[in-house]
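Visitor: What follows is a predicted structure for the sequence shown.
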Amino acid sequence: MLRILIADDHDIVRQGIRQLLLEEFTSVQVEEAIDTATLIDLALSQDWDIIVSDLVMPGGGGFYALEKIKQKTPNTPVLILSTHPAEQYAQRATKAGAEGFINKSTLPNGLVNAIQEIIEKKK
């Protein structure tokens, strides 16, 4: 079973991503985090096939969470989502340890493709 943790402070975004993942992947378990602290807690207390995190959230944000997650579980893939342009943040995200960065404007296909690529690479 594919285990995906999604983190975004906007309920509508989390629900949309959850629905998309449930439709696109067979045998998937999706959990949600609404802020940075919850993301870090869930990320470090369970095993995930991939974590999809918003860049800007209350409590520190995606880069702060990425740092904490990679310190404890360096092999857990993290995909950063943002409304900010990839030109500004993609390189910074990958240098910080993320496996990828996508702009929310590329949803839904961009997210599904990015997750599939990261999962395949992990295998």
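Guide: Looks like it arrived, so ask away.
Visitor: Show the subsequent helix or strand relative to the helix or strand harbouring Lys70.
Guide: Lys70 belongs to helix 62-72 when assigned by DSSP states H and E. Counting by DSSP H and E, the next helix or strand C-terminal to helix 62-72 is strand 78-82.
Visitor: Output that following strand in PDB with nothing but the alpha carbons.
Guide: The C-alpha trace of strand 78-82 is given here as PDB (Å, rounded to 0.1, in the frame of the first residue of the first chain):
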ATOM      1  CA  VAL A  78       9.600  15.000   0.000                       C
ATOM      2  CA  LEU A  79       7.800  16.900  -2.800                       C
ATOM      3  CA  ILE A  80       7.300  20.700  -2.200                       C
ATOM      4  CA  LEU A  81       4.200  22.400  -3.600                       C
ATOM      5  CA  SER A  82       3.800  26.100  -3.900                       C
END
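Visitor: ok, which stretches of the chain are strands?
Guide: Counting by DSSP state E, the chain has strands at residues 2-7, 28-33, 50-54, 78-82, 100-103.
Visitor: what mean pLDDT does stretch 9-20 have?
Guide: What stretch 9-20 shows for mean pLDDT is 96.
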